[in-house]
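**Student:** no sequence for this one, just the structure:
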Ligand SMILES: NC(=O)C1=CN([C@@H]2O[C@H](COP(=O)(O)OP(=O)(O)OC[C@H]3O[C@@H](n4cnc5c(N)ncnc54)[C@H](OP(=O)(O)O)[C@@H]3O)[C@@H](O)[C@H]2O)C=CC1
Ligand SMILES: CCCCCCCCCCCCCCCC(=O)[C@@H](N)CO
């Protein structure tokens, strides 16, 4: 009996001691595998955060649609100041020539050229393709395309002419699709380039009076995100800019029909100068940032609405993670104040209507 017990315990002792040695390679394998998995996960997390190489504007060919006025003209000037060759695209030839003269004042060398092309970016794709081809023949392949041609209408949903909804979608959305489509193949072949879409803060938040305008600016974000995922491996970077109200002929035109509600709500973000807005937009496009915002409200709106948009730096990603809850809290107060503006305006209107009737 006792000899049997001694035998079995000897076996377990033997197994125990030896199994350590037997397990060691497995343990080592497990540790190595864990390291590999951790490393791969880290690479996955970091890979979208690697910042692109900045684009050199000196000698680059920049096409600016809507370059004859307002923000577009200021973007052209900003690029010209950094040594770029410019193609201005818009419909009105006189305004184009006037803008060309203004841009040329900022030359930094005597080789720089400003080319003007008159075309409607929204009506016919083959026309747009043709003029881009002409521009590339004269000034070389496009390094940066700025889609800034656009227009706006504000007014209550039922008061905006039905045609306007289509028109805004055509100019603001398709007018950005066509030029982009015309430059993308060459950019992919050259494995370099920048595409910029000028959206608006009204492309991040839907506001009273912008039922026709906002959707056309929101659409650009969907286009930009999808396109960026396709062309990132070709070293092409997309930027979407979301400016607040900016002092331009376009804004003056829009203000003629702007409802009081829209005016009061937009005042939250204030009015910017187009040259300041252009400076920020060009800096972000050169760096290849997906998002370009102006001012503290713009910063908050962008962090809050980042959704699944690409990140272009580690700090940007971290800032979004840390600030999102706080900004949502602030946003609730803003939304409350917008609602009360709308309510107050409605009450005021009804009161003045009643007073008019009594008279
Ligand atoms: N100003 C603002 O408050 C803000 C503006 N934005 C956006 O920025 C962009 C520029 O605005 P802003 O500078 O105010 O505008 P402007 O009205 O001052 O200039 C618009 C430019 O676009 C051109 N354009 C308009 N329609 C067409 C078309 N169908 N084909 C070709 N060119 C066209 C115009 O030239 P032409 O008429 O001769 O064709 C002009 O050069 C717009 O997309 C706007 O929505 C965003 C946020 C705020
Ligand atoms: C944390 C949350 C912060 C929220 C801040 C909200 C601020 C809203 C202001 C919106 C202004 C819209 C300007 C549209 C400009 C435009 O595109 C037209 N003028 C074109 O002509």
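**Tutor:** Right, received. Where do you want to start? Remember, predicted model here, so these are calculated numbers, not experimental data. Ligands and ions are numbered 1, 2, ... in the order given.
**Student:** Contacts only, for whichever residue of the chain sits closest to ligand 2.
**Tutor:** Of the residues in the chain, the one nearest ligand 2 is residue 200, at a distance of 3.2 Å by Cβ to the nearest ligand atom. Heads up, the C-betas are built off the backbone N, CA and C, glycines and all. Residues counted as contacts of residue 200 (Cβ atoms under 8 Å, 6 or more residues apart in numbering) are 152, 213-214, 217, 242-243.
**Student:** Of those residues, which ones also sit close to ligand 2?
**Tutor:** Of the entries in the contacts of residue 200, the ones placed beside ligand 2 under the rule of Cβ under 6 Å from any ligand atom are residue 152.
**Student:** Now secondary structure, pLDDT and neighbour count too, for the contacts of residue 200, in a markdown table please.
**Tutor:** Conversion of the contacts of residue 200 to a markdown table gives the following (DSSP: H, G, I helix; E, B strand; the rest coil; pLDDT from 0 to 100; neighbours: other Cβ atoms under 10 Å):
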| residue | secondary structure | pLDDT | neighbour count |
| --- | --- | --- | --- |
| 152 | coil | 97 | 21 |
| 213 | helix | 98 | 27 |
| 214 | helix | 98 | 22 |
| 217 | helix | 98 | 25 |
| 242 | strand | 98 | 25 |
| 243 | coil | 98 | 26 |
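**Student:** now, among the contacts of residue 200, which is nearest to residue 309?
**Tutor:** Proximity of the contacts of residue 200 to residue 309 (Cβ to Cβ) peaks at residue 242, which lies at 11.4 Å.
**Student:** Could you check how far the closest one is from residue 73?
**Tutor:** Computed with Cβ to Cβ, to the nearest Å, the distance linking residue 242 and residue 73 is 19 Å.
**Student:** what about the residue of the chain closest to ligand 2, distance to ligand 1?
**Tutor:** When distances are taken as Cβ to the nearest ligand atom, to the nearest Å, residue 200 and ligand 1 turn out to be 3 Å apart.
**Student:** what's the answer for residue 209, then?
**Tutor:** As defined by Cβ to the nearest ligand atom, residue 209 lies at a distance of 13 Å from ligand 1.
**Student:** Could you do residue 325 as well?
**Tutor:** As for residue 325, its distance to ligand 1 is 27 Å (criterion: Cβ to the nearest ligand atom).
**Student:** So residue 286 is in contact with residue 55, correct?
**Tutor:** Yes. Applying Cβ atoms under 8 Å as the test, residue 286 and residue 55 come out as touching, 5.1 Å apart.
**Student:** joint contacts of these two?
**Tutor:** Contact with both residue 286 and residue 55 is made by residues residue 194, according to Cβ under 8 Å, 6+ apart.
**Student:** phi, psi of the residue nearest the centre of the chain?
**Tutor:** With distances taken as Cα atoms, centre = their mean, residue 240 lies nearest the centre of the chain, 1.5 Å away. Recorded main-chain torsions at residue 240 are phi -110, psi 120, according to degrees, to the nearest 10.
**Student:** where does it land on pLDDT?
**Tutor:** Per-residue confidence at residue 240 stands at 98 (pLDDT).
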